[in-house]
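Colleague: what's the 3D shape of this:
(2 chains)
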Amino acid sequence: GAVVSQHPSRVICKSGTSVKIECRSLDFQATTMFWYRQFPKQSLMLMATSNEGSKATYEQGVEKDKFLINHASLTLSTLTVASAHPEDSSFYICSARAPGDWVTEAFFGQGTRLTVV
Amino acid sequence: AQSVTQLDSQVPVFEEAPVGLRCNYSSSVSVYLFWYVQYPNQGLQLLLKYLSGSTLVKGINGFEAEFNKSQTSFHLRKPSVHISDTAEYFCAVTPFQGAQKLVFGQGTRLTINP
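Modeller: This is a model prediction of the structure:
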């Protein structure tokens, strides 16, 4: 199957700093990528849909200025957590669909565990 | 809008025993259905999916699921589990039309005991 690589897998940062998480589709072009957040022992909550070459679509309640998404190419989307605070600590997961194949599976990255201290 | 309910938050099972994980969904439109597995600190891996056709779907690692439209259910089962099946399992749906967003259930933690 297709591979989605997410980097870094773990990051610890100080409160007030910004953190960038990368999501790459390694062997296919992804016009659309999705960013999820997962709290401990809970389900995945969709944060935003990232579209190549255009602005991301954020879900209700997600702060656009806090979670900055850039989908600059067909293989890369980035999520930047701006001025991170301890409450932003979470597991962040991206996923992507291959174009023309949307009805089948979404391929997920391995996730990034963010800890803000 | 869609919603997914996984009725069991935790399921402990002995090794080689059968297991069933329940999933019910609600949607005003037709949906595709999925089961994903998540191992600790990892992303999600597709177990199986129902798009159309036979309501009994077979997936990887010996899992299968049955779609029941009248009961709006998509229960997952495996006849004999292994220690390596210990993981979190998520049921998800996406509508036929419109945004390609997956809506996930709360997850079921499957723990296999020796």
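Colleague: Please count neighbours and contacts with C-alpha atoms only from this point.
Modeller: OK.
Colleague: Let me see the ranges of the strands in chain B.
Modeller: Per DSSP state E, chain B carries strands over the ranges B:2-5, B:10-14, B:19-21, B:24-27, B:31-38, B:44-50, B:56-58, B:64-68, B:73-78, B:87-95, B:103-104, B:108-113.
Colleague: and those as JSON lines, adding mean neighbour count, mean pLDDT and distance to residue A:42?
Modeller: Output for the strands of chain B, formatted as JSON lines (neighbours: other Cα atoms under 10 Å in any protein chain shown; pLDDT from 0 to 100; distance: least, Cα to Cα, whole Å):
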{"stretch": "strand B:2-5", "mean neighbour count": "18", "mean pLDDT": "92", "distance to residue A:42": "13"}
{"stretch": "strand B:10-14", "mean neighbour count": "15", "mean pLDDT": "97", "distance to residue A:42": "12"}
{"stretch": "strand B:19-21", "mean neighbour count": "20", "mean pLDDT": "98", "distance to residue A:42": "16"}
{"stretch": "strand B:24-27", "mean neighbour count": "18", "mean pLDDT": "96", "distance to residue A:42": "17"}
{"stretch": "strand B:31-38", "mean neighbour count": "21", "mean pLDDT": "94", "distance to residue A:42": "12"}
{"stretch": "strand B:44-50", "mean neighbour count": "21", "mean pLDDT": "92", "distance to residue A:42": "14"}
{"stretch": "strand B:56-58", "mean neighbour count": "16", "mean pLDDT": "96", "distance to residue A:42": "26"}
{"stretch": "strand B:64-68", "mean neighbour count": "20", "mean pLDDT": "97", "distance to residue A:42": "22"}
{"stretch": "strand B:73-78", "mean neighbour count": "21", "mean pLDDT": "98", "distance to residue A:42": "19"}
{"stretch": "strand B:87-95", "mean neighbour count": "25", "mean pLDDT": "93", "distance to residue A:42": "10"}
{"stretch": "strand B:103-104", "mean neighbour count": "24", "mean pLDDT": "92", "distance to residue A:42": "10"}
{"stretch": "strand B:108-113", "mean neighbour count": "20", "mean pLDDT": "96", "distance to residue A:42": "9"}
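Colleague: Including distance to residue A:76, could those strands go into CSV?
Modeller: What follows is these, written out as CSV (distance: least, Cα to Cα, whole Å):
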stretch, distance to residue A:76
strand B:2-5, 29
strand B:10-14, 36
strand B:19-21, 35
strand B:24-27, 32
strand B:31-38, 23
strand B:44-50, 19
strand B:56-58, 33
strand B:64-68, 34
strand B:73-78, 33
strand B:87-95, 23
strand B:103-104, 23
strand B:108-113, 31
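Colleague: looking at those strands, which is closest to residue A:65?
Modeller: Across the strands of chain B, residue A:65 has its closest neighbour in strand B:103-104 (24.1 Å, Cα to Cα).
Colleague: Find the nearest non-adjacent residue to the residue of chain A found nearest chain B, please.
Modeller: As assessed by Cα to the nearest Cα, chain B sits closest to residue A:110 within chain A, at 3.9 Å. Leaving out its chain neighbours, the residue that sits closest to residue A:110 by Cα to Cα, 6 or more residues apart in numbering or on different chains is residue B:43, at 3.9 Å.
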